[in-house]
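how would this look folded up:
(one chain, ligands or ions: 1)
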Amino acid sequence: MNGTASLQQEGCHQEIVRLDGVSFSYDSQPVLQDISFRIMERDFVGLIGSNGAGKTTLMRMIVGLTRPQKGSITLFGTPAGQFKDWNLIGYVPQRSHVNPLFPATVREVVLSGLYGRKKLFRRVSKEDASRCEDALAALKIENLADSRIGALSGGQQQRVFLARALINNPKLLILDEPLTGIDIETQHNFFQMIKHMHQRHNITFLMVSHDMDMVRSYLGQEPKERSGKLNFYVRHSHDLEDCQGTDLLHSLRKEG
Ligand SMILES: Nc1ncnc2c1ncn2[C@@H]1O[C@H](COP(=O)(O)OP(=O)(O)OP(=O)(O)O)[C@@H](O)[C@H]1O
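Below you'll find the model as predicted:
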């Protein structure tokens with residue numbers, strides 16, 4: 001094997017998330033107990049569990065919004081407390097109803113993904129504007145760019161939030177019940193799009209879903225691991241010749 005190939009192979013097995021003995025309680029109510037799990041680069045992880053099993057709490061911990069009370073989380077090889085490359089992680093939280101009067105346009109919502117944690121007001125550079133156009137095109141919502149987000153359907157809003165998460169070209173995409181509350185056909189199209197991103201691009205997924213049929217059809221019948229009330233279904237998409245990093249937005253756009 002030549003040097004480049006071995007580097008590529010190593011790159012494709014990078015550990016993206018590691019949970020070691022993670023526990024969490026709200027007041028005295030234990031929600032997560034001693035959860036250990038690893039997500040490797042290019043895994044697609046479906047996280048399944050009953051209502052109240054702690055799925056959202058776990059996602060929030062991985063994106064740094066909540067800290068574990070016991071155990072540790074490692075992101076891209078760095079302890080979560082010291083992790084700074086938040087652009088590597090895209091997060092689409094559980095869909096909440098967008099106020100129909102909310103004044104931001106689709107373009108503004110997608111651009112806000114670039115400013116994330118910095119909370120800086122800054123002028124939109126040419127490069128930012130171009131990334132935004134790429135993200136809109138990848139999700140096929142260019143025609144909605146100037147619409148108010150509150151005026152869109154649930155499925156269209158989901159696309160906007162996914163575009164917002166993709167604008168930084170993340171390596172890990174975390175989706176909390178992205179299929180809830182949208183019609184079957186849109187759900188199907190959305191899932192196809194996510195599968196395409198997993199199979200064709202160097203991107204790792206962690207997705208909470210209640211739709212067992214869709215999860216099983218892609219990730220298999222049995223969970224790879226169970227931890228407490230959580231079941232982790234996993235499919236790895238490792239394919240050596242496919243392993244170079246791609247600019248996801250550019251290539252999605254090219255493929256149309
Ligand atoms: N901020 C909070 N304060 C107190 N309890 C909370 C808080 N957030 C969640 N809980 C409780 O913690 C438990 C786990 O909640 P979480 O939202 O993580 O579960 P989930 O698996 O995502 O559930 P669902 O499938 O219903 O979305 C629930 O019993 C919930 O009521």
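
Are stretch 166-183 and the ligand in contact anywhere?
No: for stretch 166-183, no contact with the ligand is found by Cβ under 6 Å from any ligand atom; the gap never falls below 6.8 Å. C-betas here are computed from N, CA, C, even on glycine.

how about that stretch as PDB, C-alpha atoms only?
C-alpha atoms of stretch 166-183 as PDB (Å, rounded to 0.1, in the frame of the first residue of the first chain):
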ATOM      1  CA  LEU A 166     -24.400  22.200   6.300                       C
ATOM      2  CA  ILE A 167     -23.000  25.600   5.500                       C
ATOM      3  CA  ASN A 168     -19.800  24.900   7.500                       C
ATOM      4  CA  ASN A 169     -19.300  21.700   5.600                       C
ATOM      5  CA  PRO A 170     -19.300  19.700   8.900                       C
ATOM      6  CA  LYS A 171     -17.800  16.200   9.400                       C
ATOM      7  CA  LEU A 172     -20.400  15.200  11.900                       C
ATOM      8  CA  LEU A 173     -24.100  15.900  11.400                       C
ATOM      9  CA  ILE A 174     -26.400  15.400  14.300                       C
ATOM     10  CA  LEU A 175     -30.200  15.300  13.600                       C
ATOM     11  CA  ASP A 176     -32.700  15.100  16.400                       C
ATOM     12  CA  GLU A 177     -35.900  13.600  15.000                       C
ATOM     13  CA  PRO A 178     -35.700  15.300  11.600                       C
ATOM     14  CA  LEU A 179     -38.600  13.400  10.100                       C
ATOM     15  CA  THR A 180     -41.200  14.200  12.800                       C
ATOM     16  CA  GLY A 181     -44.200  16.300  11.700                       C
ATOM     17  CA  ILE A 182     -43.600  16.200   7.900                       C
ATOM     18  CA  ASP A 183     -45.600  14.200   5.400                       C
END
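
Buried residues, it. List them.
Residues 166-179, 182 are the ones in stretch 166-183 that count as buried (16 or more other Cβ atoms under 10 Å).

Now, these that are in helices?
Members of the buried residues of stretch 166-183 lying in helices (criterion: DSSP state H): residue 166.

Can you flag which of the buried residues of stretch 166-183 belong to strands?
Using DSSP state E to define strands, the subset of the buried residues of stretch 166-183 located there is 172-176.

Which one of the residues you listed is nearest to the ligand?
Set against the ligand, the nearest of these by Cβ to the nearest ligand atom is residue 176 (7.4 Å).

Surely that closest one touches residue 93?
Yes: using Cβ atoms under 8 Å, residue 176 makes contact with residue 93 at a distance of 5.4 Å.

what is in contact with those two at once?
residue 59 (Cβ atoms under 8 Å, 6 or more residues apart in numbering).

For the lengthiest helix in the chain, which helices and strands make contact with it?
In the chain, ranked by residue count with DSSP H as the criterion, the top helix is helix 184-200. Applying 3 or more Cβ pairs under 8 Å, 6 or more residues apart in numbering; DSSP states H and E, one finds that helix 184-200 contacts helix 154-166, strand 204-208, helix 212-219, helix 248-255.

what's the farthest-apart pair in the buried residues of stretch 166-183?
171 and 182 (25.9 Å; Cβ to Cβ).

and residue 59, what does it touch?
47, 91, 93, 174, 176, 206, 208.

ugh, wrong one, I meant residue 78
residue 85.

Distance check, residue 49 against residue 208.
8 Å (Cβ to Cβ, to the nearest Å).

Which neighbours do these two have in common?
With Cβ under 8 Å, 6+ apart as the test, residue 49 and residue 208 both reach residue 55.

The two: which has the busier surroundings?
The neighbour comparison of residue 49 against residue 208 (other Cβ atoms under 10 Å) goes to residue 208, with 24 against 18.

Quick check, that one in contact with residue 215.
No: applying Cβ under 8 Å, one finds residue 208 not in contact with residue 215, separated by 9.9 Å.

list the residues that contact both of the two?
Residues touching both residue 208 and residue 215 (Cβ under 8 Å, 6+ apart) are 46, 48.
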